[in-house]
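Trainee: return atomic coordinates for the entry below.
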Amino acid sequence: MPIALAGAVVLWGRRPRRGRRAIEQGLDRLAAYLGGDLLPSLTATVDWLNRYWAAPSRPGEYHDGPLHCGAAGTALGYPVMVDVEPDGLSHEMVTYPPRVVIYVAAVPALEPAAVPSGHAGRLRRAIGDAGFTVETEPDAGLAARATPPTVEELRHNPADLGNLGPLISNLAALAAAEGAAPAPADLPAHQSPAGTAPARDERHGLA
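Mentor: Numbers count the residues shown, from 1 in each chain. Below is the predicted model:
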């Protein structure tokens, strides 16, 4: 009995590592598609937000369980990040739902490009059909959040994270259709004085 219990404890302890490995493999494939990198920690995802995302994030988006991971790169020239926290957190004090969020960093273009009428609407419908809802953050870009059923599906099939490339391309095309240009790195609000270490913007600080 003690040997059986010890074996069960070992196997249980390996479950998060196996789950994280599968998520990392899916996101690593997505990062390659985006010409970018895997973001293996909350610090890495927050650093991306500090560089590119000029809007506050929700408190729950700083929660990172053992399976949290991200990926970053570019799509149609737009900086992109995918943030995955498939477990969430729930107790008597606070509840943070599981999340899969795609950020497309964009700023208003000086001369918005002319696009066919209805193109943006068709892109939004396609993104919705893929199980994501799109929010426009003025002066920051687009944030596409997976619906709860989509988060659950990606949690059980993490390899599908590697198939989000076409959806992300649609998001980038939507940003262009709505008259936004790719956000520059190191937005003015995030820059630190010359000769000093980069300061963490309070909008995306870690507690």
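Trainee: and Tyr62, what's its pLDDT?
Mentor: In this model, Tyr62 is scored at 86, pLDDT.
Trainee: cool, Arg18 as well?
Mentor: For Arg18, the model assigns a pLDDT of 71.
Trainee: confirm that it sits in a strand.
Mentor: No. Applying DSSP: H, G, I helix; E, B strand; the rest coil, one finds Arg18 to be helix, outside a strand.
Trainee: worst-scoring helix or strand of the chain, pLDDT-wise?
Mentor: helix 2-33 (a mean of 70; mean pLDDT, DSSP states H and E).
Trainee: after it, next one along is what?
Mentor: Downstream of helix 2-33, the first helix or strand assigned by DSSP states H and E is strand 37-39.
Trainee: that following strand pairs with which strands?
Mentor: Pairing partners of strand 37-39, with direction, according to DSSP bridges: strand 69-75 (antiparallel).
Trainee: show me the contact partners of the partner strand.
Mentor: 20, 23-24, 27-28, 30-31, 33-40, 44-45, 48, 79-84, 104, 161, 165, 168-169, 171-172, 182 (C-beta atoms under 8 Å, 6 or more residues apart in numbering). All C-beta atoms are positioned from the backbone trio N, CA, C, and that covers glycine.
Trainee: next structured bit after that strand?
Mentor: strand 78-85.
Trainee: which elements pack onto that following strand?
Mentor: Packing contacts for strand 78-85, counted by 3 or more C-beta pairs under 8 Å, 6 or more residues apart in numbering; DSSP states H and E, involve helix 2-33, helix 42-52, strand 69-75, strand 99-108, helix 165-177.
Trainee: indicate which one of these is closest to Leu123.
Mentor: Closest approach to Leu123 among the helices and strands packed on strand 78-85 (C-beta to C-beta): helix 165-177, 4.3 Å.
Trainee: okay, now the sheet partners of the next helix or strand after that closest one, with direction.
Mentor: Per DSSP H and E, the first helix or strand lying C-terminal to helix 165-177 is strand 180-182. Sheet pairing here is set by DSSP bridges, and for strand 180-182 it gives strand 99-108 (antiparallel).
Trainee: now the partner strand: buried residues?
Mentor: 99-107 (16 or more other C-beta atoms under 10 Å).
Trainee: quick one: which of those residues is nearest to Asp64?
Mentor: For those, the nearest to Asp64 is Arg99 (10.5 Å; C-beta to C-beta).
Trainee: which residue sits closest to the closest one in space, ignoring its chain neighbours?
Mentor: Glu85 (5.0 Å; C-beta to C-beta, 6 or more residues apart in numbering).
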